[in-house]
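Trainee: structure for the following, please:
(one chain, ligands or ions: 1)
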Amino acid sequence: MSSLLSVRDLNVTFPVMPRGAWPWTRPRMLRAVSDMGFDVEPGETLGIVGESGSGKSTLARAIIGTVPAASGQILWQGQDLAQLSPRARRAHRRDVQMVFQDPLAALDPRMTVGQIIAEPLVTHRRDMSSADRRAKVGEMMERVGLLPNLQNRYPHEFSGGQCQRIGIARALVLEPKLLICDEPVSALDVSVQAQVVNLLKELSRDLGLAMLFIAHDLSVVKHVSDRTLVMYLGRKMEEAEARTIVRAPRHPYTQALIASVPVPDPAREAARAGRAPLSGELPSPLDPPSGCVFRTRCPKARPDCAEGLPPVERLDQDHLVACPYHAPMGAEAATEPAE
Ligand SMILES: Nc1ncnc2c1ncn2[C@@H]1O[C@H](COP(=O)(O)OP(=O)(O)OP(=O)(O)O)[C@@H](O)[C@H]1O
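Mentor: Okay, the predicted model is just below:
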C-alpha cells in the first residue's frame, strides 16, 4: 500500500541573478533542496529539523505545490503531484494544510476570527449552509481551546498563542489528512510554546492526523515527532525514530545540533563534553562545498569527504545516516537536550 506522502529524489532550485549582473547574464541556480526522500504514513508525525536556510520551508512549499520541483517526485497517496487531474489537485489542496510561523501575520486583520476560520469552507465546501459553517467554526474553536463565542472578535484582540490556535483551527476546518507546521512555535513566548506543541500533539493523536513538524530547535521537535529527519544545506543528514535522534545521534551534524542546545543539568552537560557544538556559518547554497556539504564545519571531516557525496547508509530498519564516519554504536551518551 502507498504511503500518505512520499518524497523521492526531490530537487528544488531557484534562479538567482548575481548582484550587479547584466540583465542578459544567465542566472545561477540555488539548490534549496537536493536529492530529498522520505515517507509519511497516515497519522504519523515527521519532524524536520535544521538551521535557518537548510531548505525546510522550501520543502514544505514543494509539498503543498507552491514551488515546483526541478526534478524528483512528490507522491500524494501514491499519485505524482505533478500529474494530478484538476479534481485530484483540489482534493490535495484540501487534504494538506499549513500552520505558519508568525500567527498574527498569517491572519487577515480585517476579518473576524469566525470569518478567518470559515474561509476554507467558503472556498472548498460551497454546499455548506452558513449556519452549518458557523457551527463547524465553533466546534473547531473549542477543539483548539478557544471560546466559541469569540467568533466576532478580530485577531489583534488575541495573544500570540491564541492567534496560533486560530491558525490551527483554520488549518483543521477542512479535516485535512496532513498538517504541515512550519516553525509553529518559534515566534511565540517560551511560556506558551509547550501549550501549542501539546495541542498539536493531541490533535494529531485524536484526529489521526499526519504532521510534518518543521523547526530549527531539536528539543521542540523531539516532543511531537514519531520520526525526525535532520536537514543541512538542502540535504538529508540523518533520519531515525525521534528518540534515537536525540539519544543516539550518529551524524556529526546531528551531534553538533544537540551539543548546541543548552542543558541546565551539570551532570548531563558533563556527559556530552566530548561533543563539539556547531561553529561557523552555513555555507551559501549557491556555492555548496564539494562532497559532503557539512564537511567545512564537521569535527570529523577527512580529506576524502571532499571527494563525493556520502552514501546514505541504513543502520537498521528505521535509521539512515549520510556519513561514512558516523559515531560507533557504543558512543551513545546522555545527550538529550533540555526539556
Ligand atoms: N524564492 C526564492 N528565491 C531564491 N532563493 C530562495 C527562495 N526561497 C528560498 N530561497 C533560498 O533557499 C534556501 C533555503 O531556504 P528555506 O527558507 O527553505 O530554509 P529554511 O530552512 O526554511 O530556513 P528558515 O527557517 O530561515 O525559513 C535559502 O538559501 C534561501 O535563501
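
Trainee: kindly report the residues of the protein close to the ligand.
Mentor: Applying CB under 6 Å from any ligand atom, we find that the chain lies next to the ligand at 14, 16, 30, 32, 50, 52-58, 216, 285. Where C-beta positions appear, they are placed from N, C-alpha and C, glycine not excepted.

Trainee: helices - which of those residues land there?
Mentor: Per DSSP state H, helices hold the following members of the residues of the chain next to the ligand: 56, 57, 58.

Trainee: show me the contacts for the closest residue to the second one other than its chain neighbours.
Mentor: Translated: residue 57. Spatial nearest neighbour of residue 57, chain neighbours left out: residue 182 (5.6 Å); criterion: CB to CB, 6 or more residues apart in numbering. Taking CB atoms under 8 Å, 6 or more residues apart in numbering, we find residue 182 in contact with 56, 57, 60, 98, 99, 100, 101, 214.

Trainee: element containing the residue positioned nearest the centre of the chain, please.
Mentor: The residue lying closest to the centre of the chain (CA atoms, centre = their mean) is residue 214, at 2.2 Å. Secondary structure assignment for residue 214, by DSSP states H and E: strand 210-215.

Trainee: other SSEs contacting the very next helix or strand once past that strand?
Mentor: Sequence order places helix 218-224 as the next helix or strand after strand 210-215, per DSSP H and E. Secondary-structure packing of helix 218-224 (3 or more CB pairs under 8 Å, 6 or more residues apart in numbering; DSSP states H and E): strand 45-49, helix 190-207, strand 210-215, strand 227-232, helix 242-247.

Trainee: state the pair within the residues of the chain next to the ligand that is farthest apart.
Mentor: 16 and 216 (22.7 Å; CB to CB).

Trainee: neighbour count winner among these two?
Mentor: Using other CB atoms under 10 Å as the criterion, residue 16 and residue 216 rank with residue 216 on top: 17 against 14.

Trainee: run the chain-centre distance for the helix or strand harbouring residue 164.
Mentor: Element membership for residue 164, per DSSP H and E: helix 160-172. Its chain's C-alpha centre and that of helix 160-172 lie 17 Å apart, by CA atoms, centre = their mean, to the nearest Å.

Trainee: same question, stretch 277-291
Mentor: 20 Å.

Trainee: buried set for it?
Mentor: Residues of stretch 277-291 classed as buried: 278, 282, 283, 285, 288, 289, 291 (neighbour count, 16 or more other CB atoms under 10 Å).

Trainee: ok, back up a step: got the angle for the strand holding residue 214 vs helix 190-207?
Mentor: 160 degrees (axes from the mean of the first three to the mean of the last three CA atoms, to 10 degrees).

Trainee: can you pull the pLDDT of the nearest residue to residue 101 once chain neighbours are set aside?
Mentor: Excluding its sequence neighbours, the residue lying closest to residue 101 (CB to CB, 6+ apart) is residue 183, at 4.1 Å. Note on residue 183: pLDDT of 94.

Trainee: could you number the chain from 33 rather than 1 from now on?
Mentor: In the new count, where the first residue is 33, that last one comes out as residue 215.

Trainee: to what extent is residue 215 buried, counted in neighbours?
Mentor: Residue 215: 21 surrounding residues under other CB under 10 Å.

Trainee: tell me the SS of residue 38?
Mentor: For residue 38, the secondary-structure state derived from DSSP: H, G, I helix; E, B strand; the rest coil is strand.

Trainee: what angle sits between the strand or helix carrying residue 146 and helix 192-204?
Mentor: Using DSSP H and E, residue 146 maps to helix 145-156. Comparing the axes of helix 145-156 and helix 192-204 via the same axes, to 10 degrees yields an angle of 20 degrees.

Trainee: and whichever helix or strand comes after helix 145-156, which residues are buried?
Mentor: As assigned by DSSP H and E, the chain's next helix or strand after helix 145-156 is helix 162-175. Residues of helix 162-175 classed as buried: 165, 166, 168, 169, 170, 172, 173, 175 (neighbour count, 16+ other CB under 10 Å).

Trainee: how far off centre is helix 162-175?
Mentor: Distance, stretch centre to chain centre, for helix 162-175: 28 Å (CA atoms, centre = their mean).

Trainee: mean confidence (pLDDT) on that helix, please.
Mentor: pLDDT averaged over helix 162-175 gives 94.

Trainee: try stretch 341-352
Mentor: When pLDDT is averaged along stretch 341-352, the result is 93.

Trainee: ChimeraX command to pick out the buried ones of the residues of the chain next to the ligand?
Mentor: The ChimeraX selection below is limited to those of the residues of the chain next to the ligand classed as buried (16+ other CB under 10 Å):
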select :62,64,82,85,86,87,88,89,90,248,317
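
Trainee: could I get the average pLDDT for stretch 312-328?
Mentor: What stretch 312-328 shows for mean pLDDT is 93.

Trainee: before we move on, what SS does the closest residue in space to residue 244 that isn't next to it in sequence have?
Mentor: Leaving aside its chain neighbours, residue 244 sits nearest to residue 212 (4.6 Å; criterion: CB to CB, 6+ apart). At residue 212 the chain is in strand, as set by three-state DSSP.
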